[in-house]
Every structure is written in structure tokens, then in C-alpha cells.
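Novice: Sequence plus predicted model, see below.
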Amino acid sequence: MDLVQKAYTLALTARENAYAPYSHFRVGAAFKLKDSDQIITGCNVENASFGATICAERGIIMKSFADYGKAEFDFAVVVTKDDPPAPPCALCLQVLAEFCGPDFPIHIADLEGIKKTLCLKELIPHSFTAFTPEE
């Protein structure tokens, strides 16, 4: 099994763990660490105060900092039930713009498989990049 397909399978499983009692919109995601076969997964976790909700993709970024410090990724897979599958939301795209390059591939998928691959710059062509994080 190639790593993209493995990431899809892991994202599909992570989606099952989503906590979405308000929207019923379950999302699973998987990001492959650069220079490794390691894949980090995440799911959305909603909250009654909606603003405290964490998306799967942002959860992975936070988890990767806790486990690896500032990590680099080769690609992401995002799984929803939508037809066509939903890409990451604008908040997630902005966070990804800070930590992934413009050519970062995002595979969007539904419950049947990966349907489309887009680069980050295609999804957020005008990201906010005024702040340059310290190295």
C-alpha cells in the first residue's frame, strides 16, 4: 500500500472518532511527516461554544508541535462524507499557509476514496503572510 492510500485509510478511521454532535459534519485527516513514513491523524472536535471547535487539520498541526516541534509535511489527506468532498476550511487553510509551502498537496476524499488533489496555493491563493515566524 502506498503512503497516500495508507494516509487515506488512517484519515477515514480518524473520522469515525470525530465529535460532531452539533453539525454532524465529521472530518478525518492525516498528514505525512517529511523524511519519514510517520503519519499523524486528527479529527474534528466540536464544542457548544462553536468558536472552541477544533478542525481535524488544525488539530494535527497542534499535535505535531507537541510531539515533534515544528514539523514539515509531505502531503495531507482530508476525508468528509460530502459529494464532492470538502476541502479544509478557511481557518485551516490559513494555518497550513503558515506551516506548509504553497505547493503542499492536499488530497480531498470521501468515504469511497480520494477524489481530487489540490495544492495549498490553489485553495488559498491570497493567504495572510505578514508575520514571519522565528526559526
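Specialist: Arrived safely, thanks for sending.
Novice: Touching stretch 61-69 from outside, list them.
Specialist: Residues outside stretch 61-69 that contact it (CB atoms under 8 Å, 6 or more residues apart in numbering): 31, 33, 40, 42, 54, 71, 73, 95-96, 99. Every residue, glycine included, has its C-beta placed from N, CA and C.
Novice: Let me see the contact set for the nearest residue to C89 once chain neighbours are set aside.
Specialist: For C89, ignoring the flanking residues on the chain, the nearest one in space by CB to CB, 6 or more residues apart in numbering is C55 at 6.0 Å. When contacts are counted by CB under 8 Å, 6+ apart, C55 touches 27, 44, 88-89, 91-92.
Novice: Greatest separation within the residues you listed: which pair is it?
Specialist: V27 and L91 (12.5 Å; CB to CB).
Novice: where does the protein dip in pLDDT?
Specialist: Scanning the chain for pLDDT under 70 picks out 1, 130-135.
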